[in-house]
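Chemist: Sequence and predicted structure below; questions after.
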Amino acid sequence: ELKVEQNPLFLSMQEGKNYTIYCNYSTTSDRLYWYRQDPGKSLESLFVLLSNGAVKQEGRLMASLDTKARLSTLHITAAVHDLSATYFCAVYTSGTYKYIFGTGTRLKVLA
Amino acid sequence: DTAVSQTPKYLVTQMGNDKSIKCEQNLGHDTMYWYKQDSKKFLKIMFSYNNKELIINETVPNRFSPKSPDKAHLNLHINSLELGDSAVYFCASSHGTGTQETQYFGPGTRLLVL
């Protein structure tokens, strides 16, 4: 059964600092997604990662995928207040058509 | 113009009623989705349609039925509403494949069952 765990669940950090959010999943999967959700708002797609060693970057966010470890990371560089949001990862397995979300990491960047 | 729109934005109804949520996308995408986000913010995919064909049909009560009259619309019909159906429902559409895949989400429909 595909399970997806994110940690930490809550992250409070100072502006200018770096930090990493982790997304572990339990079975071999085809795609890993990262999303952002602002409070009370809808979701926004950030990244899709497919292959082992894949890395994608957009501004201060960088996502990577290690399929052997079944681990994806979302790295935040020099955080700014505007990055405050909840970040979700999700994993898709085409063989079973399973698409499971992590619990989300609520990020708060303090000025 | 709104890319993915949902109506209504808010829906308050009584247990046992039947309701529908409409979703339309004007992006020309082939794939559309319904997601549910509960009060604890947990997200779950409910359905995925590609070219009007059901691709993902997660374990949801059969009271929930998606209807896709055409590629631009994926409506969600819910029969015999229960308290536990209270949640925010998001519609989305996507284009591209592989690493170029991008999903666009609607604003959500907040459903409250009393």
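Modeler: Thanks, I have it. Since the model is a prediction, treat every value here as computed from it, not as a measurement.

Chemist: Output the longest strand belonging to chain A.
Modeler: Longest strand of chain A, by residue count under DSSP state E: strand A:85-93.

Chemist: For the helix or strand that that strand is followed by, name the packing helices and strands.
Modeler: Moving toward the C-terminus from strand A:85-93, the next helix or strand (DSSP states H and E) is strand A:98-101. Contact partners of strand A:98-101 among helices and strands, from 3 or more CB pairs under 8 Å, 6 or more residues apart in numbering or on different chains; DSSP states H and E: strand A:85-93, strand B:43-50. C-beta here means a position set from N, CA and C on the backbone, and glycine is covered the same way.

Chemist: Output these as CSV; include the columns distance to residue B:59 and mean neighbour count.
Modeler: What follows is the helices and strands packed on strand A:98-101, written out as CSV (distance: least, CB to CB, whole Å; neighbours: other CB atoms under 10 Å in any protein chain shown):
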stretch, distance to residue B:59, mean neighbour count
strand A:85-93, 15, 23
strand B:43-50, 9, 20
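
Chemist: mean pLDDT lowest for which of these?
Modeler: If the helices and strands packed on strand A:98-101 are sorted by mean pLDDT, strand B:43-50 sits at the bottom with a mean of 91.

Chemist: how about that one, does it get close to chain A?
Modeler: Yes. Residues of strand B:43-50 contacting chain A under CB under 8 Å from any CB of the partner chain: B:43-45, B:48.

Chemist: And for stretch B:85-98?
Modeler: Yes. Using CB under 8 Å from any CB, we find that stretch B:85-98 touches chain A at B:90, B:92, B:98.

Chemist: In that stretch, which residues are buried?
Modeler: By neighbour count on 16 or more other CB atoms under 10 Å in any protein chain shown, the buried set for stretch B:85-98 is B:85-94.

Chemist: cool, stretch B:67-86 as well?
Modeler: B:68, B:71, B:73-76, B:78, B:81, B:85-86.

Chemist: Take those residues and write them to JSON lines, including distance to residue A:80, secondary structure and pLDDT.
Modeler: Below are the buried residues of stretch B:67-86 laid out as JSON lines (distance: CB to CB, whole Å; DSSP: H, G, I helix; E, B strand; the rest coil; pLDDT from 0 to 100):
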{"residue": "B:68", "distance to residue A:80": "40", "secondary structure": "strand", "pLDDT": "90"}
{"residue": "B:71", "distance to residue A:80": "39", "secondary structure": "coil", "pLDDT": "89"}
{"residue": "B:73", "distance to residue A:80": "38", "secondary structure": "strand", "pLDDT": "94"}
{"residue": "B:74", "distance to residue A:80": "36", "secondary structure": "strand", "pLDDT": "94"}
{"residue": "B:75", "distance to residue A:80": "39", "secondary structure": "strand", "pLDDT": "96"}
{"residue": "B:76", "distance to residue A:80": "37", "secondary structure": "strand", "pLDDT": "96"}
{"residue": "B:78", "distance to residue A:80": "40", "secondary structure": "strand", "pLDDT": "97"}
{"residue": "B:81", "distance to residue A:80": "42", "secondary structure": "coil", "pLDDT": "97"}
{"residue": "B:85", "distance to residue A:80": "38", "secondary structure": "helix", "pLDDT": "97"}
{"residue": "B:86", "distance to residue A:80": "35", "secondary structure": "coil", "pLDDT": "97"}
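
Chemist: For the longest strand of chain A, C-alpha coordinates in CSV please.
Modeler: Taking Å, rounded to 0.1, in the frame of the first residue of the first chain, the C-alpha atoms of strand A:85-93 are listed here in CSV:
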residue,chain,number,x,y,z
ALA,A,85,2.3,28.6,2.9
THR,A,86,1.5,24.9,3.2
TYR,A,87,3.5,22.6,0.9
PHE,A,88,2.2,19.2,-0.1
CYS,A,89,4.0,16.4,-1.9
ALA,A,90,2.0,13.7,-3.8
VAL,A,91,3.1,10.5,-5.3
TYR,A,92,1.5,8.8,-8.3
THR,A,93,1.9,5.1,-9.3
